[in-house]
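Q: Next come a sequence and a model predicted from it.
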Amino acid sequence: MARKAQLAETRNIGIMAHIDAGKTTSTERILFYTGVTYKIGSVDEGTATMDWMEQERERGITITSAATTASWKRGAKDFLINIIDTPGHVDFTVEVERSLRVLDGAVAIFDAYAGVQPQSEAVWRQADKYHVPRLAFINKMDKTGADFENAVKTMRHRLAAHPVAIQCPIGKEDLFIGVIDYLEEKAIIWLEETLGAKFEVFDVAKLWEAEFLATRPDVAAALKFSALDEAYYKEHREKSVEYIAEHDDSLVEKFLNGEKISAEELRASIRRSTIALKLVPVLAGSAFKNKGIQPLLDAVVDYLPSPLDVPPVEGTTAADEVVLRRARDDEPFSALAFKIMTDPFVGHVTFIRVYSGVLTAGSYVYNSTKSTRERVARLLRMHANKREEIDSIYAGDIAAIVGLKSVTTGDTLCDEAKAVVLENIEFPAPVISVAIEPKTKADQDKLGNAMQKLAQEDPTFRVHSDEDTGQTIISGMGELHLEIIVDRMMREFGVQATVGRPQVAYRETIRKRAGAEGKYIRQTGGRGQYGHCEIEVLPLPSAAHENMHEMSTDEIDEVAKEVGGKGGKWRFDKEHRMLFIDKTVGGSIPKEFIAPIDAGIREAMENGILAGYEMVDIAVLLIDGSYHEVDSSEMAYKIAGSMAFKEACGKASPVLLEPIMKVEVVTPEEYMPQVFGDLNSRRCQIQGTESRGGANVIRVEVPLAEMFGYATDVRSRTQGRASFTMHFSHYAEAPSSIAEEVISKATGRATR
């Protein structure tokens, strides 16, 4: 089968935003206007194509990222657009993370009334991390209090972004009828009766003609309500053109000389600047009222990169050589598995982004991450949960494979003869846990199977057994995340289970430097066991940074020098943020026993010394040790490393860390005292307040332990008129009184 679209005419984009900003509604309109669907789906009615899970339709929120493919004609060319609609709720941040890892561009959607909201900031930072070019769509221009300029201003201030308006809304709230295109200098007005499928386009000069306005009272009323006149238009268009020229050396001279810059030149300049992450083009519309989607699709095609515009992907070979894979069909095959889904009809479905080469159905693929070879049973192009079977998938495309058994999220699939491992995807650690118990013996077997499949789908969902109580503990990113997991277990896998109260996932760390010696010597007749090491532990100097797992090799190298001085080999464990530095000299410990010491320390970090919580942010220096020519073994050194680590941490002022959440409460002015009083009683730290369209916004940081049940409390204090959003910020040291309570509870349970 021939390639459906050329690489230059392919776009891989994600739709990202805060919860309820209109991502799924916008995607539904894109599917309708591109002809993928014949009927517009509604989130409110539970008929949205992209929200196909029962839980999504009941709650009216997106839980899992859904992929689809649409075609859009721009000029004489047909463009293929692969779209991933991502969730906005912070509990499902993994879906955004893994989608942005494989996408070339993104559309960030903002609420015209609220502007940048907390989760907008989180997804924007994720896009920054993966260097994803973006364009912004200010949605909900029909909403009461909509303010296009303020929304753009919040992007500049809160995101430190460089937005440039390439449109100006005509009207707002109920009188929002269309937009002015600054580049073409045209007015676009949508015809209500066509569900936004048709619109009229005319020169902007017509908007200022009295004769025209006399025949179009709708346009006159919209202009008057939004205080839009010729002077305003000219001033703001000039500002936009100047801002575009400022970021492009090839245009700035022309602009300063007062020469006219054509629409084609402006478009080409915006494309260059957007792909280089210098600018973010901003458009306006109302997806719910079917306005603004066609120009948004034009902008996706015009400004977001094709697979040819992004740098070649880097990978490493078995010999640790860095190799590049370019987006070409004649290169060796390489792809990244970014999502696993269990489909009731076809079984295990693996979503992949192909970076180079071609894959055909029925062929074999090599999983270089796990060194396994598997057969590709079928290839599918996904439309949410509907499937279209295809013969081949080409470089730069996104599709799904049926038949791969051992693949997990982040694995590299490639040509076995030219094996390469691409950079894996990093996932945040869970912050909340609950105990789950099956109701019957039959449910016990089903529970294990369900948890295994769900953990394979979702890398932020973890399962472990509590050694002290024997309970099965499931951990996730928030209460809603675990609620959905349990709901899916019951519906999809038929498991009946009892769920305990949510528990906070605390962490432990140390506050000072300390040393210890670990000796494991056993004589049992015949060959014995001998392992001996001396270590020092100290807190990592950059432990305050939650994004330490994003540090580059050079940055970690600097930290290693700061901690251990010059010399020595280091290894950084991203999950625990543990820096292990081997400072041994003269072969006091043979090379083959260094890794087991490191492994023993990492194992010891799983269960801290205060209350058994995971330890983080620690540097370990391996100073010295000794060995026995006959009795030394890997197991002995692993145990010695673990013993030394626990003893050293006991002397290093261990402390308990608790997760701190960023909370934003939107409340009417009259309820401010009650809301503030309640937040203060929850150990909050106030970050700031502001007024937004008649309501007050309070931004605070609060320990997660204090936020259980807050949704009910804030509603009862404000007669249901306040709303709040919450997402994880960082870990901070728990006050001694709280730490003592948590430790006594944990250790008391252990001794009972």
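A: Nice, I can see it.

Q: which other residues reach the helix or strand in which residue 270 is found?
A: Taking DSSP states H and E as the criterion, residue 270 maps to helix 263-275. If you take Cβ atoms under 8 Å, 6 or more residues apart in numbering as the criterion, helix 263-275 is touched by 133-135, 164, 166, 183-185, 241, 244-245, 247-248, 250-251, 254, 279-281, 302-305, 309-310. C-beta here means a position set from N, CA and C on the backbone, and glycine is covered the same way.

Q: Restricted to helices, list those residues.
A: By the criterion of DSSP state H, membership of the contacts of helix 263-275 in helices covers 241, 244-245, 250-251, 254, 302-303.

Q: Drop anything exposed from those.
A: In the ones in helices among the contacts of helix 263-275, burial by neighbour count holds for 241, 244-245, 251, 302-303, counting by 16 or more other Cβ atoms under 10 Å.

Q: Of those, which pair is most distant in space?
A: Among those, the pair separated by the greatest distance (Cβ to Cβ) is 245 and 302, at 17.5 Å.

Q: on that earlier part again, just the buried ones among the ones in helices among the contacts of helix 263-275: which has the poorest pLDDT?
A: Within those, the minimum per-residue pLDDT falls on residue 251 (84).

Q: Enumerate every residue touching that one.
A: With Cβ under 8 Å, 6+ apart as the criterion, the residues that contact residue 251 are 244-245, 261, 265-266, 269.

Q: Show the contacting residues for the nearest residue to residue 439 once chain neighbours are set aside.
A: The spatial neighbour of residue 439 that comes closest, neighbours along the chain excluded (Cβ to Cβ, 6 or more residues apart in numbering), is residue 496 at 4.4 Å. Under the criterion of Cβ under 8 Å, 6+ apart, the contact list for residue 496 reads 438-440, 443, 490.

Q: Residue 407 too?
A: With contact taken as Cβ under 8 Å, 6+ apart, residue 407 is in contact with 337, 340, 350, 367, 370, 374, 413.

Q: Next step: those residues restricted to strands.
A: Secondary structure assignment by DSSP state E places 337, 340, 350, 367, 374, 413 of these in strands.

Q: Just the buried residues from those residues, in PyMOL please.
A: The PyMOL selection below is limited to those of the ones in strands among the contacts of residue 407 classed as buried (16+ other Cβ under 10 Å):
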select buried, resi 337+340+350+367+374+413
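
Q: Identify, from the ones in strands among the contacts of residue 407, the entry nearest to residue 709.
A: Distance to residue 709, by Cβ to Cβ, is smallest for residue 340 among these, at 33.7 Å.

Q: Now do the nearest residue to residue 479 once chain neighbours are set aside against residue 371, distance only.
A: In this structure, residue 479 finds its nearest non-sequential neighbour in residue 502, 5.8 Å apart by Cβ to Cβ, 6+ apart. Counting by Cβ to Cβ, to the nearest Å, the separation of residue 502 from residue 371 is 39 Å.

Q: Then residue 533?
A: As for residue 533, its distance to residue 371 is 31 Å (criterion: Cβ to Cβ).

Q: higher neighbour count, those two?
A: When neighbours are counted by other Cβ atoms under 10 Å, residue 533 comes out ahead of the other of residue 533 and residue 371, with 30 against 10.

Q: who's in contact with that one?
A: 517-518, 589, 597, 622, 624-625, 637, 640-641, 644.

Q: got a list of what the closest residue to it other than its chain neighbours touches?
A: If the residues on either side of it in the chain are set aside, residue 533 comes closest to residue 625, at 3.9 Å by Cβ to Cβ, 6+ apart. Neighbour list for residue 625: 532-534, 584, 588-589, 597, 640 [criterion: Cβ under 8 Å, 6+ apart].

Q: Next step: those residues restricted to strands.
A: Judged by DSSP E, the subset of those located in strands is 532-534.

Q: Let me have these in JSON lines, extended by distance to residue 602 and pLDDT.
A: Output for these, formatted as JSON lines (distance: Cβ to Cβ, whole Å; pLDDT from 0 to 100):
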{"residue": "532", "distance to residue 602": "19", "pLDDT": "91"}
{"residue": "533", "distance to residue 602": "14", "pLDDT": "92"}
{"residue": "534", "distance to residue 602": "18", "pLDDT": "91"}
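
Q: in the chain, what spans have low per-residue confidence?
A: Within the chain, the stretches falling below the threshold (pLDDT under 70) are 1-4, 37-66, 87-94, 343-346, 384-386, 466-470, 524-526, 542-552, 692-694, 749-752.
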